[in-house]
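Colleague: coords below, sequence missing:
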C-alpha cells in the first residue's frame, strides 16, 4: 500500500532567506567552549594566521546555530500527531572566519513516507545553504523531521 501524502507542495524548492548572521571571534570561542572543540585554528588567532587565514575559523557545525534564525513555514502535512527532529547533516563547503557575515537560504527539499517496524512515518527534509559576504557558499545543512501517528 502506497501512502498518499497531503501537504502544501507549493513550498517544494521555495527559498526562505534569513540573515545576515555575524560571525565574531567571541561567538566562535563560546561555541568551541560549549562543544569542547580544541583545534588551534578555531581557538588561536596565531595558529589560524599561520595556516593561511586572516582570523580564527569557525567549526563547520557552528552554522547550525543560525538555522533557528530562518523562518520555515508549516507544510500543512496531513499525517500523524507527533513531530520530532530526525537528524542533521552539515557539509562544509568553505572556511567561515571571524568577521564573516552569513546569509542563509532554506528550502523544502523532500517529503517522503517510510514504513518500518514501528509503523509508517513521513520525513520532511529542509536544506539550508550559507553564503558569506563575498558570495561564497561556505556550508550546507540538511535537517530531517519525522511525523508519525
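Modeller: Arrived safely. Remember, it's a predicted structure, so these values are computed and weren't measured experimentally. Numbers count the residues shown, from 1 in each chain.

Colleague: Which stretches in the protein count as strands?
Modeller: Using DSSP state E, the strands of the chain run over residues 16-22, 82-92, 101-116, 119-131, 137-148.

Colleague: Ok, which of these comes nearest residue 47?
Modeller: Closest to residue 47 of the strands of the chain, according to CB to CB: strand 82-92, at 18.3 Å. In short, each C-beta sits where N, CA and C put it, glycine included.

Colleague: in that closest one, what's buried?
Modeller: By neighbour count with 16 or more other CB atoms under 10 Å, strand 82-92 contains the buried residues residue 90.

Colleague: what's it in contact with?
Modeller: 60-61, 63-64, 123, 138-149 (CB atoms under 8 Å, 6 or more residues apart in numbering).

Colleague: Buried among the residues you listed? Make that a ChimeraX selection.
Modeller: Here is the ChimeraX command that selects the buried residues among the contacts of strand 82-92 (16+ other CB under 10 Å):
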select :60,63,64,138,139,140,141,143,144,145,146,147,148
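
Colleague: how about the strands of the chain, which one is nearest residue 51?
Modeller: Nearest to residue 51, of all the strands of the chain, is strand 82-92, at 15.1 Å by CB to CB.

Colleague: Adjacent strands (with direction) for that closest one?
Modeller: Strand 82-92 sits in its sheet next to strand 137-148 (antiparallel), going by DSSP bridges.

Colleague: can you list contacts of the partner strand?
Modeller: The list of residues contacting strand 137-148 from outside it, by CB under 8 Å, 6+ apart, reads 60, 63-64, 67, 77, 79-80, 82-96, 100, 102, 109, 118-132.

Colleague: do that again at 6 Å, thanks
Modeller: Contacts of strand 137-148 from elsewhere in the structure, counted by CB atoms under 6 Å, 6 or more residues apart in numbering, are 60, 63, 77, 79-80, 82-94, 96, 121-132.

Colleague: Ok, stretch 111-118 next?
Modeller: The set of residues external to stretch 111-118 that reach it, using CB under 6 Å, 6+ apart, is 3, 7, 121-124.

Colleague: which of the residues you listed are buried?
Modeller: Among the contacts of stretch 111-118, those that count as buried by neighbour count (16+ other CB under 10 Å) are 7, 121-122, 124.

Colleague: picking that back up, including distance to residue 56 and mean pLDDT, could the strands of the chain go into a markdown table?
Modeller: Written out in a markdown table, the entries for the strands of the chain read as follows (distance: least, CB to CB, whole Å; pLDDT from 0 to 100):
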| stretch | distance to residue 56 | mean pLDDT |
| --- | --- | --- |
| strand 16-22 | 14 | 95 |
| strand 82-92 | 15 | 95 |
| strand 101-116 | 15 | 95 |
| strand 119-131 | 17 | 95 |
| strand 137-148 | 15 | 96 |
